[in-house]
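# Sequence first, predicted coordinates after that:
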Amino acid sequence: MTEMSGDDVDWRHGRAPLYVFHGSDAAHEVGRAAFMKYFSENALGGRRAFFGLKRMEDEVVELGLDLFQAPDGAVGNMTTGGSESIFMAVKACRDWARAQTKITEPFNIVAPYSAHAAFNKAADVMDLEVRRLPTGEGYRADVAAMAAAMDDNTIMLVGSAPCFPHGVIDPIQSLSDLALESDTWLHVDACVGGYVAPFFQRIGRNIPDYDFALPGVRSLSADLHKFGFCPKPASNLFYRFEDDRERGLFHFDQWPNGQFSTATLSGTRAGGAVAAAWAVMHHLGEDGYMAIARQLADLTDAYVDGIEAIDGLYLLAKPDLSIINFAAHGMDIFAVAEAMESHGWLPGLTRNPKGMHAMLSMFHAAGRADYLADLAASATAARSGGTSELKAVY
């Protein structure tokens, strides 16, 4: 196994721009130990067999509801990842829409161009239309354009906090107002940065409101295994209203075993992921997450300053959290990325607009100087070279 992985990207030293996340060595070890302690348990059986695991899942959800300023009566559950959280939110919304007389089928979802692909994945399965609108200033959602695209078939508005491509938080306040005015479901996709954004706010970063403090936010997804720094696979989906969570559930009893109910698309779920999320969240606590937020904010600023100091490179958008997206003038940015690949870096890419992309965690601290040095050399090489055939693939 070690030999088979010998040619992997050196992600432990920050050479991968996505897929893996790190807060602290201690949190990593706590998560690993907790996961292995519950290696065999199945979270599907929490209500009937693994009562300690069920208690842990309930407590993780309660911690998340408090963090995202949910009102009394709000509920949630764990899922296996952001795509599943989004999928189940869309399913709950669709079932809500079916009970509304003012909304007619075929249903559609209105979203900014920068919204995650999982909304289209859910729509493909449920025969829904996703209307993606060009983003506005700073690559944030254009709320006026989204409002104009709505009609009697619109069931959901989407905002990101932040969006994956550009690392910026959409104007959720304005989307909340629109959702209330039109009585439309607003889902906030905070899968990428949800679990670090509150702590960026608390250390004084200018992070706009995005959670249940805004009354139009009806559901919110946030991944524990990204910037909650918990082992995979772990995410949360939260609902303002308990009835909405009920709509998201799958119930079936027309088979020999009787009632079968799940709050997720998957049945079996790794018990270790639930236990690890509980352990990491209690290990870090508010002080631990605050400390990581300070380090991560400083690290992001250092990367931004270093990139902007390289002739020809510029940030497409000022990052709200720790996702950076930068482009080039006077050269092909994909040629820069191709040169970085030759230096042993896995380049993250955006296609429209063309840019390089990275989701910074503390894995990227040790490699910062090398990254910026190789990036400067790659920009010099690209400036005198041609274009690249690299494609943005995830």
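Alright, I've got the coordinates.

# What segments of this protein are strands?
Ranges of strands in the chain, per DSSP state E, are 75-79, 108-112, 129-133, 154-160, 185-189, 217-223, 235-239, 250-252, 260-262, 313-315, 323-328, 348-351, 354-359.

# Switch those over to TSV; also include distance to residue 93, mean pLDDT and mean neighbour count.
In short, each C-beta sits where N, CA and C put it, glycine included. Shown next, in TSV, are the strands of the chain (distance: least, Cβ to Cβ, whole Å; pLDDT from 0 to 100; neighbours: other Cβ atoms under 10 Å):
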stretch	distance to residue 93	mean pLDDT	mean neighbour count
strand 75-79	15	98	24
strand 108-112	8	98	25
strand 129-133	12	98	17
strand 154-160	5	98	27
strand 185-189	5	98	28
strand 217-223	7	98	28
strand 235-239	10	98	29
strand 250-252	15	93	11
strand 260-262	18	93	13
strand 313-315	34	98	17
strand 323-328	26	98	22
strand 348-351	28	95	18
strand 354-359	27	97	23
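
# buried sites along stretch 185-203?
By neighbour count on 16 or more other Cβ atoms under 10 Å, the buried set for stretch 185-203 is 185-201.

# re earlier: can the strands of the chain go into JSON lines with extra columns for distance to residue 295?
Shown next, in JSON lines, are the strands of the chain (distance: least, Cβ to Cβ, whole Å):
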{"stretch": "strand 75-79", "distance to residue 295": "27"}
{"stretch": "strand 108-112", "distance to residue 295": "30"}
{"stretch": "strand 129-133", "distance to residue 295": "35"}
{"stretch": "strand 154-160", "distance to residue 295": "24"}
{"stretch": "strand 185-189", "distance to residue 295": "25"}
{"stretch": "strand 217-223", "distance to residue 295": "20"}
{"stretch": "strand 235-239", "distance to residue 295": "23"}
{"stretch": "strand 250-252", "distance to residue 295": "41"}
{"stretch": "strand 260-262", "distance to residue 295": "38"}
{"stretch": "strand 313-315", "distance to residue 295": "20"}
{"stretch": "strand 323-328", "distance to residue 295": "16"}
{"stretch": "strand 348-351", "distance to residue 295": "21"}
{"stretch": "strand 354-359", "distance to residue 295": "15"}
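
# Would you mind confirming that residue 361 makes contact with residue 227?
Yes: counting by Cβ atoms under 8 Å, residue 361 does reach residue 227; the two are 7.3 Å apart.

# Same drill for these two, tell me which one is more crowded.
Set side by side, residue 361 and residue 227 show more neighbours around residue 227, with 28 against 22, by other Cβ atoms under 10 Å.

# quick one: contacts for that one?
Residue 227 makes contact with 21, 23, 192, 193, 194, 195, 196, 321, 322, 361, according to Cβ atoms under 8 Å, 6 or more residues apart in numbering.

# Number of residues surrounding the first one?
Which is residue 21. Residue 21: 22 surrounding residues under other Cβ under 10 Å.

# what pLDDT does it get?
Looking at residue 21, its pLDDT stands at 96.

# Run through the chain and note the low-pLDDT ranges.
Along the chain, the parts satisfying pLDDT under 70 run over 386-394.

# Format the contacts of residue 227 as JSON lines; extra columns: distance to residue 57.
Below are the contacts of residue 227 laid out as JSON lines (distance: Cβ to Cβ, whole Å):
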{"residue": "21", "distance to residue 57": "21"}
{"residue": "23", "distance to residue 57": "21"}
{"residue": "192", "distance to residue 57": "22"}
{"residue": "193", "distance to residue 57": "22"}
{"residue": "194", "distance to residue 57": "18"}
{"residue": "195", "distance to residue 57": "16"}
{"residue": "196", "distance to residue 57": "21"}
{"residue": "321", "distance to residue 57": "26"}
{"residue": "322", "distance to residue 57": "27"}
{"residue": "361", "distance to residue 57": "25"}
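
# My guess is residue 268 contacts residue 41. True?
No: Residue 268 is not in contact with residue 41 according to Cβ under 8 Å; the separation is 10.5 Å.

# and these two? which has more neighbours close in?
Shown here are residue 268 and residue 41; by other Cβ under 10 Å, residue 41 has more neighbours (19 against 12).

# What residues does that one make contact with?
Residue 41 is in contact with 50, 53, 271, 272, 275, counting by Cβ under 8 Å, 6+ apart.

# so of the buried residues of stretch 185-203, which ones are in helices?
Judged by DSSP state H, the subset of the buried residues of stretch 185-203 located in helices is 197, 198, 199, 200, 201.

# Now do the contacts for the last one.
The neighbours of residue 201, taking Cβ under 8 Å, 6+ apart as the test, are residue 207.

# and the gap between it and residue 266?
Counting by Cβ to Cβ, to the nearest Å, the gap from residue 201 to residue 266 is 32 Å.
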